[in-house]
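*Asks:* mind folding the following:
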Amino acid sequence: MSTAFQCSIERIRFDENYQPAGNTRLTTNFANLARGEKRQDNLRRTLAMINNRFNHLACVDNPQANRYSLEIDIVSAKIDIEGNGKTFPFIEMLKSTITDHQTHQRFDGMIGNSFSSYVRDYDFSVVLPMFAVHQNERPENFGDLHGKLYQHLVNSEAFQAEFNKQPVICLSVSSSKTYCRTANTHPILGVEYQNDEYSRTDDYFAKMGLTVRYFQPVNGNAPLAFYFSGDLLRDYTDFELISAISTMESFQKIYRPEIYNTNSPAGVVYQPSLSYQDYSLTQIEYDRAERSQLAVRQGQWTEEHFIKPYQDILAQWAANNTLSQQNIA
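*Replies:* A predicted model of the protein is given here:
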């Protein structure tokens, strides 16, 4: 029997035969790649990029750079608001599993990586334009509901039965901020950067109980933003960290080539720019304009099918749930 705000988990394999599920957010990087005439070539080449990058970073006793490969599952989380069996697909993440082809062992990769959320689409594509806010302004309580829903998921019995660690979300750095290289270098994550001030995305993820650190991996062109709870450097194995880097850096090269597939790496002081011209394109088709348009439509769909129908229930539930926000100031 269903109960109110009960979470459930589904998985679908992300491979060259992947077909997006009907309730998958179409703006997700993996769903966008799986459409069009070259969908299978897109998927095959993306997976090859991920595996090649993993083997490059996991180079010990791996002279031919082909010892490991990743299996990637799309983890879809649904929530039943009223306990009547009617679910809403509110969050998607990726979970990788590593195969060692020399020992035939399998290891856990990272849970998290990419992060997709209908409510996030609503917040950024409907709420912000409605308030006509400037780049770093936000309405009062912006992201509170989303943050509480995320924390409800990762602390739920359904999530903890599937995964024994908290997610690490890996995103692009913000093109509106400046990042400075530090003297701190991690053997897997690479050189650490710090930014001049936190972005709106950083604040939004703080509402999810996540803090952020920026690292540029070896032979990477720009730092990646890692959002996590706990201790990023001690809570995860080297293989888990490498799986996150190889997966998300590959996606970023495809849809942020001006930042992550440039012909020169980030300097000591670095401001990402989507107007940067000295970069290379991958052989993978990706429609960024369509992605932006879909984000607006999906935000409106969320408002119609989730926010408005459950407005009173969500407001009461959120008021009774304490937000565990990271202090990132």
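
*Asks:* state the helix or strand in which the residue nearest to residue 3 when sequence neighbours are not counted lies.
*Replies:* Take residue 3 and drop its neighbours on the chain: the residue closest to it by Cβ to Cβ, 6 or more residues apart in numbering is residue 83, 4.8 Å away. Quick note: C-beta positions are derived from backbone N, CA and C, even for glycine. Following DSSP states H and E, there is no helix or strand that holds residue 83.

*Asks:* leaving out chain neighbours, which residue sits closest to residue 159?
*Replies:* Take residue 159 and drop its neighbours on the chain: the residue closest to it by Cβ to Cβ, 6+ apart is residue 153, 5.6 Å away.

*Asks:* typo on my end, it should be residue 59
*Replies:* Among residues not flanking residue 59 along the chain, residue 65 sits closest, at 7.1 Å (Cβ to Cβ, 6+ apart).

*Asks:* ok so, going back, quick one: residues contacting the residue nearest to residue 159.
*Replies:* For residue 153, the contacting residues are 7, 77, 79, 90-91, 159, by Cβ atoms under 8 Å, 6 or more residues apart in numbering.

*Asks:* can I get the strand or helix carrying it as PDB, trimmed to CA atoms?
*Replies:* Per DSSP H and E, residue 153 falls inside helix 144-154. Extracted in PDB, the C-alpha atoms of helix 144-154 (Å, rounded to 0.1, in the frame of the first residue of the first chain):
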ATOM      1  CA  ASP A 144      13.500  25.500  -0.800                       C
ATOM      2  CA  LEU A 145      10.900  23.000  -2.000                       C
ATOM      3  CA  HIS A 146      13.300  21.400  -4.500                       C
ATOM      4  CA  GLY A 147      16.000  21.100  -1.800                       C
ATOM      5  CA  LYS A 148      13.600  19.400   0.600                       C
ATOM      6  CA  LEU A 149      12.400  17.000  -2.100                       C
ATOM      7  CA  TYR A 150      16.000  16.000  -2.900                       C
ATOM      8  CA  GLN A 151      16.900  15.400   0.700                       C
ATOM      9  CA  HIS A 152      13.700  13.500   1.200                       C
ATOM     10  CA  LEU A 153      14.800  11.200  -1.700                       C
ATOM     11  CA  VAL A 154      18.400  10.500  -0.600                       C
END
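
*Asks:* tell me the pLDDT at the spatially closest residue to residue 278 that is not a sequence neighbour?
*Replies:* Nearest residue to residue 278, sequence neighbours excluded (Cβ to Cβ, 6+ apart): residue 263, at 5.0 Å. Note for residue 263: predicted pLDDT of 93.

*Asks:* start at 43, not 1
*Replies:* Got it, the first residue is 43 from now on, which makes the last one we talked about residue 305.

*Asks:* following the lowest-mean-pLDDT helix or strand in the chain, which helix or strand comes up?
*Replies:* Across the helices and strands of the chain, mean pLDDT, DSSP states H and E gives its lowest value to helix 71-75, namely a mean of 59. Next helix or strand after helix 71-75 toward the C-terminus (DSSP H and E): helix 81-99.

*Asks:* average model confidence for that following helix?
*Replies:* The model assigns helix 81-99 a mean pLDDT of 91.

*Asks:* over to stretch 135-151?
*Replies:* Computed over stretch 135-151, the average pLDDT equals 96.

*Asks:* mind exporting the C-alpha coordinates of that stretch to PDB?
*Replies:* What follows is stretch 135-151, C-alpha atoms only, in PDB (Å, rounded to 0.1, in the frame of the first residue of the first chain):
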ATOM      1  CA  MET A 135      20.800  10.700 -11.800                       C
ATOM      2  CA  LEU A 136      23.400   8.300 -13.200                       C
ATOM      3  CA  LYS A 137      25.000   5.300 -11.500                       C
ATOM      4  CA  SER A 138      28.100   3.600 -13.000                       C
ATOM      5  CA  THR A 139      29.500   0.200 -12.500                       C
ATOM      6  CA  ILE A 140      33.200  -0.600 -13.400                       C
ATOM      7  CA  THR A 141      34.300  -3.800 -15.000                       C
ATOM      8  CA  ASP A 142      37.900  -4.900 -14.700                       C
ATOM      9  CA  HIS A 143      38.500  -7.100 -17.700                       C
ATOM     10  CA  GLN A 144      41.800  -8.400 -16.300                       C
ATOM     11  CA  THR A 145      40.400  -9.700 -13.000                       C
ATOM     12  CA  HIS A 146      36.800 -10.000 -14.100                       C
ATOM     13  CA  GLN A 147      35.800  -8.000 -11.000                       C
ATOM     14  CA  ARG A 148      33.100  -5.400 -10.900                       C
ATOM     15  CA  PHE A 149      33.200  -2.300  -8.700                       C
ATOM     16  CA  ASP A 150      30.800   0.400  -7.800                       C
ATOM     17  CA  GLY A 151      31.200   3.700  -9.700                       C
END
